[in-house]
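Participant: Give me the fold of what follows.
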Amino acid sequence: MSADLRKRYPHIWLSVSATTRSPRPGELDGVHYHFMDAEDFAAAVKAGEFLEWAVVHGKNCYGTLRRPVEEKLAAGEQVVLEIDLQGARQVRAAMPEARFVFLAPPSWDELVRRLVGRGTEGPEERERRLDTARVELAAADEFDHVIVNDDVERATDELVRVIEGRDG
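Facilitator: Predicted coordinates:
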């Protein structure tokens, strides 16, 4: 969905998260993620450089760098953060005026099919991700909006309506 958002709605800025995980094939630093080693990530956390951050799936750190988000907001731009439940809770505490959208799979079976179909995680990592997904799905009511990602273009259009305040 993020690729569709970038392609069809370039006026909306999609934050690039930082992570300590290794790049997957085809991922580029600064485009898909800011890839950092654990020491640099920890130093950035200590320096207060993250708007939100968390250890995800019990393994790697992910976070949103504060400065680019604040600069875009100060310039009046629309900003989207693609973050997990832990991050959303931190951002809600820091920016309660933000709108929070939960992107849900059409069904549990479809979520599993998509994860397995990616082929980028082994069985242990898949189980860890599915455990995380169970927790996150149970918290969907904490969000202002829930969008079912059953069709990428339709879900992207719905997200943009929410961002632009045209969601009713």
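Participant: Mind pulling the model confidence for Arg67?
Facilitator: Arg67 is assigned 96 on the pLDDT scale.
Participant: next one: Gly168
Facilitator: Here the pLDDT value assigned to Gly168 is 57.
Participant: go on, Gly119?
Facilitator: pLDDT, read off for Gly119, is 82.
Participant: Quick check: what element follows the lengthiest helix in the chain along the chain?
Facilitator: In terms of residue count, the longest helix belonging to the chain (DSSP state H) is helix 123-138. Tracing the chain past helix 123-138, the next element assigned as helix or strand by DSSP states H and E is strand 145-148.
Participant: Kindly export that next one (C-alpha atoms) in CSV.
Facilitator: Taking Å, rounded to 0.1, in the frame of the first residue of the first chain, the C-alpha atoms of strand 145-148 are listed here in CSV:
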residue,chain,number,x,y,z
HIS,A,145,-10.3,4.6,11.7
VAL,A,146,-10.0,1.0,10.5
ILE,A,147,-9.3,0.3,6.8
VAL,A,148,-9.5,-3.2,5.5
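Participant: Need the contact partners of that strand.
Facilitator: 99-106, 140, 155, 158-159, 162, 167 (C-beta atoms under 8 Å, 6 or more residues apart in numbering). Backbone N, C-alpha and C define where each C-beta goes, glycine included.
Participant: Return the subset of the residues you listed lying in helices.
Facilitator: Counting by DSSP H, the part of these found in helices is 155, 158-159, 162.
Participant: Of the residues you listed, which is the most crowded?
Facilitator: Of all the ones in helices among the contacts of strand 145-148, Leu159 has the most neighbours under the rule other C-beta atoms under 10 Å, reaching 22 neighbours.
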